[in-house]
Every structure is written in C-alpha cells, then in structure tokens.
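output the structure for:
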Amino acid sequence: MEDVKLELAREWLRIARDDLLSARKLVEGDDPIFETALYHCQQSAEKAVKGYLLYHDRRFDKTHDLLPLVNLATGIDETFKELVGDAALLTPYAQTFRYPADEKRPPHDLFQEALAAAERMYRFVLAKHPELDPEKPYGLSKTVDFPAYFA
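Residues are numbered from 1 along each chain as shown. Below is the predicted model:
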C-alpha cells in the first residue's frame, strides 16, 4: 500500500510540475496568454499541496482554495505556515481572469509574482519529501488504481 500511496503522490507532483511548465510556455513568444498561465500557477500549487496531504493520509475537500489545504498541511508540519502568503496570492487565479468579467488582462509582473509563488510551493513540498520528485526514478512502474482521496 505504501508504494501505491507514494506513486499516487508522485503523480500529483508530476501534474503540478507540468502545470508550472505549461504556465511558462503560455507566456513565451509574441502572444502571451497570461490569464491561463495564472490559472496553471494556482493549479500547480494546489496539486503540490494535495500530493503532500495524500502522502500523509490526510483527506481534503474538492477545493481550489489553497488556504484550507495549507492549513491541513500545517497540522502535519508547522513550517507550512510559511506558504500562507503564497496561498492567498494564488487562490484567486483559479477563477480570476478565467471567465468574462470586469477584470482587465493581467500584466506580466503579476504573472511573474504568481509563478514565483507557485514554484516556491512546489519546491517546498519536494524539499519535505524528495521521494515525491517526479523527475527522480524510484523504481515504481506498476499501474496504480487511484482511490478517491477526497472527503
């Protein structure tokens, strides 16, 4: 069971990494798409923390709000309090700029701030558990039947 849990948590971190890569690619070139890039920054942070929680057998609600997720992680490791500011910054990007509204297109500096916050959260989780790094081989190759880890 521990191998299954490790593989599932690593999958959450792999997708979090891919969200960071997507965010960077979306702003390359002459026609950047900052709205979607901000969304991927938020998604990366969300998936990284959810992977951490899953690894520690903590159930979590289906939510895009990073603050409750970081609070759950803080119950495991107090140093997650360091991420509260990043979580508060990123949470709105799950929806802001994603739908027609009064918001204008986000500026580049807003994206850079969000990307830095998402990268900090992703690296924070990997620093706690290097075995979750999707770029490092750990010999797990079996197909995993992903159980529901939501409350």
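
residues in contact with Leu53?
59-60, 69, 72-73, 76, 149 (C-beta atoms under 8 Å, 6 or more residues apart in numbering). Using the backbone N, CA and C atoms, a C-beta is placed for each residue, glycine as well.

nearest to Leu110 among the residues you listed?
Using C-beta to C-beta, Leu69 comes nearest to Leu110 of the contacts of Leu53, at 22.1 Å.

what's around that closest one, how many residues?
26 (other C-beta atoms under 10 Å).

which stretch of helix or strand covers it?
Leu69 is located in helix 66-74, with elements delineated by DSSP states H and E.

after that helix comes which helix or strand?
helix 84-90.

tell me what that following helix is packed against?
helix 34-55, helix 66-74, helix 108-128 (3 or more C-beta pairs under 8 Å, 6 or more residues apart in numbering; DSSP states H and E).

which parts of the helix holding Leu69 are buried?
66, 69-70, 72-73 (16 or more other C-beta atoms under 10 Å).

nearest to Glu28 among the helices and strands packed on helix 84-90 would be which one?
With C-beta to C-beta as the criterion, Glu28 lies closest to helix 34-55 of those, at 9.8 Å.

for that closest one, what is the average pLDDT?
Averaging pLDDT along helix 34-55 yields 96.

okay, the angle between it and helix 66-74?
30 degrees (axes from the mean of the first three to the mean of the last three C-alpha atoms, to 10 degrees).

CA atoms only for helix 34-55 - export them in CSV, please.
Output of helix 34-55 as CSV, limited to C-alpha atoms (Å, rounded to 0.1, in the frame of the first residue of the first chain):
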residue,chain,number,x,y,z
PHE,A,34,-1.3,35.4,-19.0
GLU,A,35,-4.9,34.5,-17.9
THR,A,36,-4.4,30.8,-18.5
ALA,A,37,-0.8,30.9,-17.2
LEU,A,38,-2.0,32.4,-13.9
TYR,A,39,-4.5,29.5,-13.7
HIS,A,40,-1.8,27.0,-14.2
CYS,A,41,0.3,28.6,-11.4
GLN,A,42,-2.6,28.2,-9.0
GLN,A,43,-3.2,24.7,-10.2
SER,A,44,0.4,23.7,-9.6
ALA,A,45,0.4,24.9,-6.1
GLU,A,46,-2.9,23.2,-5.4
LYS,A,47,-1.7,19.9,-6.7
ALA,A,48,1.6,20.0,-4.9
VAL,A,49,-0.1,20.5,-1.5
LYS,A,50,-2.7,17.9,-2.3
GLY,A,51,0.0,15.4,-3.2
TYR,A,52,1.7,16.2,0.2
LEU,A,53,-1.6,15.7,2.1
LEU,A,54,-2.3,12.5,0.3
TYR,A,55,1.2,11.2,1.1
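
I am finished for the moment; much appreciated.
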